[in-house]
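**Q** For reference, the sequence and a predicted model appear below.
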Amino acid sequence: MAAPPPSSGWIAELWPRFCAQWAWKLTGTTLGMTAFFVIYFYLLRHPARPPFVLPLIALDRWVPFSPLSLVLYLSLWIYVSAGPALLLGGRELLSYGLGAAVLAVIGLGTFYFWPTIIPPSEVDWSVHPHFAFLKTLDAAGNACPSLHVAFAVFTGAWLERILRHLGAGAGPRLFNAAWCVGIVYSTISTRQHVALDALAGAALGLAVVAVHFRFTDEPASLSS
């Protein structure tokens, strides 16, 4: 493997990485998300047994409701696309896809065997009409673990790995970490999840990443 480029040149490598095998990336990401949501919404609307109502903990009271954090919540779909978009070869893409698939299977399997919902929120949703589409589309079920959080953590770990390999400095790596943490925060501050969901999702994402990285090579370089 060639040595990572100097930190001053990491930005120049982003566009070639983005363009590499873009059709496979677009197709794989689209098919993966479509398959995930078909199963997700089926389980959401057809739980195998009565869902368990998750309790609130102190962290739920410490994190206030924030309508503006809806932007962070929805930004996950851009964020999770960035990981595979910056990979180069087919082997890397396959590895990434397998890791994401394992994460999805564990999460969806948990929803099937242990369906959960969040308790009714104290928020008057009629005052926040821009949340109506989200509440209609994504009901309070399939709550724990939060796959919103799990996929954010999985993506954040991959982006950190790629940025470190490229020689990016502290700035972009901190931005990546902040974006990931912001998405995690938004799952609670939008009242789409409770704190236990977010904590369980983070634990799931970290566990999958730890095992996944143990058997995965470092990202390839353009010159390799």
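**A** That came through fine.

**Q** from here on, contacts and neighbour counts on C-alpha atoms
**A** Will do.

**Q** dump the residue contacts of Gly201.
**A** 144-150 (CA atoms under 8 Å, 6 or more residues apart in numbering).

**Q** check which helix or strand covers it.
**A** Using DSSP states H and E, the element containing Gly201 is helix 195-214.

**Q** Return the distance of that helix from the chain's centre.
**A** The chain centroid and the centroid of helix 195-214 are separated by 10 Å, computed with CA atoms, centre = their mean, to the nearest Å.

**Q** same check, this time on stretch 108-119
**A** Relative to the chain's own centre, stretch 108-119 is displaced by 18 Å; criterion: CA atoms, centre = their mean.

**Q** Convert that stretch to PDB, retaining C-alpha atoms only.
**A** The C-alpha coordinates for stretch 108-119 follow below in PDB (Å, rounded to 0.1, in the frame of the first residue of the first chain):
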ATOM      1  CA  LEU A 108     -34.300  -5.400  12.300                       C
ATOM      2  CA  GLY A 109     -34.100  -8.800  14.000                       C
ATOM      3  CA  THR A 110     -34.300  -7.100  17.300                       C
ATOM      4  CA  PHE A 111     -37.400  -5.200  16.100                       C
ATOM      5  CA  TYR A 112     -39.000  -8.500  15.100                       C
ATOM      6  CA  PHE A 113     -38.300 -10.400  18.300                       C
ATOM      7  CA  TRP A 114     -38.700  -7.400  20.700                       C
ATOM      8  CA  PRO A 115     -40.800  -4.600  19.200                       C
ATOM      9  CA  THR A 116     -40.600  -1.400  21.100                       C
ATOM     10  CA  ILE A 117     -42.300   2.000  21.100                       C
ATOM     11  CA  ILE A 118     -41.500   5.300  22.800                       C
ATOM     12  CA  PRO A 119     -44.000   6.900  25.200                       C
END
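
**Q** Val209 contacts Thr155, doesn't it?
**A** No: if you go by CA atoms under 8 Å, Val209 and Thr155 don't touch, sitting 9.2 Å apart.

**Q** okay, and the helix or strand of the protein with the least pLDDT?
**A** Across the helices and strands of the chain, mean pLDDT, DSSP states H and E gives its lowest value to helix 132-137, namely a mean of 68.

**Q** for the following helix or strand past that one, packing partners?
**A** Once the chain leaves helix 132-137, the next helix or strand it forms, by DSSP H and E, is helix 147-166. Packing contacts for helix 147-166, counted by 3 or more CA pairs under 8 Å, 6 or more residues apart in numbering; DSSP states H and E, involve helix 76-85, helix 90-113, helix 170-189, helix 195-214.

**Q** Switch the ones you listed over to TSV; also include distance to Gln21.
**A** Below are the helices and strands packed on helix 147-166 laid out as TSV (distance: least, CA to CA, whole Å):
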stretch	distance to Gln21
helix 76-85	9
helix 90-113	8
helix 170-189	23
helix 195-214	22
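
**Q** closest one to Ile11 among those helices?
**A** The stretch from the helices and strands packed on helix 147-166 with the least distance to Ile11 (CA to CA) is helix 170-189; that distance is 10.2 Å.

**Q** got the buried residues for the closest one?
**A** 173, 176-177, 179-189 (16 or more other CA atoms under 10 Å).

**Q** likewise stretch 66-81?
**A** 69-70, 72-73, 76, 79-80.

**Q** Any idea how far apart the tips of it sit?
**A** 25 Å (CA to CA, to the nearest Å).
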